[in-house]
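Got a predicted model here, sequence first, then my questions.
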Amino acid sequence: MPSLRERQAPLKAEYESNPESAKLVMTVRSTTIGNDPTRCTVATCDADGNTLVTWDAGAHPMAGGEGDLACSGDLLLASLAACQEVTLRMVAAAMAIPLREVEVTIEGDLDFRGTMGVDADIPVGFQRIRTSVRFDADATPDRLERLAARAERYCVVGATLRDGVALSTDIAPRQLVGAKTDG
């Protein structure tokens, strides 16, 4: 199997010579699971809209969910953990630093009074997210510092959460062709 560097070299060359080829719109869709308002199925999709991977998600028990499925907060924190670990491993591979062990722990602070509409002064969502990344590797301290700095810099989810991103939301009823409208 080719090394990570060998797999990435033609990609980097293409992105350098043709910057438009580096752009991607990632798509994830959700669908309803039965009549339970606390559950849905989420799917990643390819460029043609075909489903690639699916998983079920549900509301957190503190919001009325059953607690038997990952909630959206779990998925957000898991996305950050996965990105941090994979990024660390890829940067280590590129730097030829073998990793023996990696452990990523993410903690997020929520106050459900905001989510549940109990107190309008409490924000909805995470108020703070803390990450802890521990790894075991043989390299000089300066190389390990560079590894850690690069892994933090290139973690897509971490950078998105840390730096913010423009978010637009379009929530509207689906208009059916030929449907009568009130009025």
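Happy to help now that I have it.

Now stretch 104-116: average pLDDT?
Summarised as a single mean, pLDDT over stretch 104-116 is 96.

same check, this time on stretch 122-139
96.

which strands and helices sit next to the helix or strand of the chain with the lowest mean pLDDT?
Among the helical and strand segments of the chain, the one scoring lowest on mean pLDDT, DSSP states H and E is strand 27-32, with a mean of 89. Using 3 or more C-beta pairs under 8 Å, 6 or more residues apart in numbering; DSSP states H and E, the elements in contact with strand 27-32 are strand 39-45. Bear in mind the C-beta positions are built from the backbone N, C-alpha and C, glycine included.

List the buried residues of the strand it packs on.
Neighbour-count burial for strand 39-45, counted by 16 or more other C-beta atoms under 10 Å, picks out 39-40, 42-43.

Which pair of those residues spans the longest distance?
Longest distance between any two of these is 14.1 Å, between 39 and 43; criterion C-beta to C-beta.

that older thread, Throw the buried residues of strand 39-45 into JSON lines and include distance to residue 136, thanks.
Rendered in JSON lines, the data for the buried residues of strand 39-45 read as follows (distance: C-beta to C-beta, whole Å):
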{"residue": "39", "distance to residue 136": "39"}
{"residue": "40", "distance to residue 136": "38"}
{"residue": "42", "distance to residue 136": "34"}
{"residue": "43", "distance to residue 136": "36"}
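
Let me see the contact set for residue 136.
For residue 136, the residues meeting the contact criterion (C-beta atoms under 8 Å, 6 or more residues apart in numbering) are 99-102.
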